[in-house]
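# dropping a prediction and its sequence here:
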Amino acid sequence: MTSTVLFVCVHNAGRSQLAAGLAAAYAGPRVRVLSAGTSPEDVVSPAVLASLAELGIDRSNEVPTQLTPAFAHQADVVVALKPGLDLFGHPDVRTWPLPDPAGWDVDGLRELRDHLDARVRELVDALA
């Protein structure tokens, strides 16, 4: 049985897309990876896409997704990348507080991306 992880932030344009891109690249078919936002933007941050592209990860087809109760409950684990999000009473929420990278360039995102990469790998390994 495959586990599902859902990464959530506010806009689903930065933090959650970055985490989901890293997780999907690392997990392959071992773990299903989703991302969503409580108030999604129209597009994923170009800097986030460029940061992932530096690692050979193409997420250019991603579109920010609205978090709904049904979407949240598809996941075995929800990772909130901002404290205080309404996650509809999900039974397994892990909070990884991260700065909001809105307006950051690729150079600024690298440290955040590398920090997230290590955490994502640990989580995927634990779920696989």
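That came through, no problem. Numbers count the residues shown, from 1 in each chain.
# what's the average pLDDT for the lengthiest helix in the chain?
In the chain, taking DSSP state H as the definition, the longest helix is helix 106-127. Taken as a whole, helix 106-127 has an average pLDDT of 94.
# then stretch 38-47?
96.
# thinking again about what came up before, report the distance from the longest helix of the chain to the chain centre.
Distance of helix 106-127 from its chain centroid, counting by Cα atoms, centre = their mean, to the nearest Å, is 10 Å.
# ok, stretch 91-108 next?
The answer for stretch 91-108 is 9 Å, by Cα atoms, centre = their mean.
# buried residues in that stretch, which are they?
For stretch 91-108, burial by neighbour count (16 or more other Cβ atoms under 10 Å) applies to 93, 96, 98, 101, 104, 106. For glycine as for every other residue, the C-beta is placed from the backbone atoms N, C-alpha and C.
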